[in-house]
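Novice: Have a look; sequence and predicted model below, questions after that.
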Amino acid sequence: PMICRLCPRNCGAERTADKAGGACAMPALPVAAKAMLHQWEEPCLVGDHGAGCVFFSGCNLRCCFCQNGVISQEGFGKPLTVPELRAVFRSLVDRGAACLDLVTPTHFTPAVAEALGGETWPVPVVWNSGGYEKPETLRMLAGKVQVYLPDLKYALPEPAQKYSGATDYFDWARAAILEMFRQTGPYVMEDGQLKRGVLIRHLLLPGELENTRRCIDWVAETFSPGQVLFSLMSQYTPQSGAVGNLARQVTRAEYRAAAAYMENCGITDGYTQERTSAKEEYTPDFDLSGL
């Protein structure tokens with residue numbers, strides 16, 4: 001049985017092929033809720049037909065504002081064997097996916113690495129994660145993942161603890177992103193499509209502008225222009241039961257201030273979202289289709 005220490009939670013839970021456990025509340029073999037061609041990732045990932053997204057169930061962060069709560073926290077999904085997951089990847093590539101976009105795969109790292117195998121896939125493999133990862137776990141993916149798409153949710157411990165129960169989030173995310181960059185090197189773009197590299201995402205939370213500034217500071221101080229991409233997202237959508245600042249959307253003034261700060265820090269390689277993008281289509285209908 002796997003005594004799990006894959007992620008920074010270090011919970012030591014027993015996870016077997018069919019027995020769930022740990023902070024992610026998942027078995028060792030993958031569970032997924034949908035595979036689809038998704039149009040709503042950054043433009044450099046979607047190509048003509050969309051990113052080939054596989055939405056994995058469970059999560060090691062379980063943020064209280066998660067838009068995908070039905071799969072990240074309620075555990076909805078379908079168990080897959082490694083060969084079945086590999087077949088899902090193949091089918092997405094056959095349907096014209098611009099990339100294989102693996103969403104929240106951290107707690108299934110060994111099985112996903114096995115499903116990817118030793119071959120070179122015809123499209124980039126994208127590791128789309130919450131950023132709360134161990135560098136040694138990421139090393140299992142060296143040579144198998146071309147694009148890392150981590151969140152950098154927090155640089156301050158208070159919101160990290162309050163919203164995700166992870167005071168140490170920044171320490172781990174920082175180390176994880178440096179390992180991702182070590183594997184991929186500076187980003188490579190061809191015909192507007194990201195072929196290799198690290199694209200760091202940061203979701204601006206209402207009332208947490210200082211946290212956003214500190215995240216931007218770290219990226220600007222750590223990487224030179226041309227090394228990584230940065231995506232400042234405004235799509236925060238209040239979930240039912242949200243209280244305090246989280247019960248509202250990000251204001252125009254907050255987003256303008258964050259975008260201006262990003263520009264002033266010299267981050268020009270990246271994306272800002274239209275504030276109107278806080279829409280429902282970012283949250284697909286998790287109906288097990290494509291699996």
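Specialist: Okay, I see it. Numbers count the residues shown, from 1 in each chain.
Novice: Counting neighbours, what do you get for Ser240?
Specialist: 6 (other CB atoms under 10 Å). (C-beta placed from N, C-alpha, C; glycine too.)
Novice: I meant Val46, not that one.
Specialist: Other residues close to Val46 by other CB under 10 Å number 20.
Novice: Quick check, it in contact with Ala98.
Specialist: Yes - if you go by CB atoms under 8 Å, Val46 and Ala98 touch, sitting 5.7 Å apart.
Novice: which residues sit in contact with the spatially most central residue of the chain?
Specialist: Centroid check for the chain by CA atoms, centre = their mean gives Ser129 as the closest residue, at 2.6 Å. For Ser129, the contact set (CB atoms under 8 Å, 6 or more residues apart in numbering) comprises Thr104, Pro105, Thr106, Tyr148, Leu149, Pro150, Asp151.
Novice: Is it bridged to anything, and to what?
Specialist: Pro150 (DSSP bridges).
Novice: Which pLDDT value belongs to it?
Specialist: Looking at Ser129, its pLDDT reads 98.
Novice: now it: how far from Lys153?
Specialist: Distance of Ser129 to Lys153, given as CB to CB, to the nearest Å: 11 Å.
Novice: what do you get for Thr212?
Specialist: 10 Å.
Novice: Over to Glu221?
Specialist: In terms of CB to CB, Glu221 sits 18 Å off from Lys153.
Novice: before we move on, what about Glu254?
Specialist: 16 Å.
Novice: The two: which has the busier surroundings?
Specialist: The neighbour comparison of Glu254 against Lys153 (other CB under 10 Å) goes to Lys153, with 26 against 20.
Novice: Give me the contact list for the top helix by length along the chain.
Specialist: Counting by DSSP state H, the longest helix found in the chain is helix 169-184. With CB under 8 Å, 6+ apart as the test, helix 169-184 has contacts from 8, 127, 131-135, 138-139, 141-143, 145-148, 150-157, 160, 166, 196-198, 200, 218, 222-223, 227-228.
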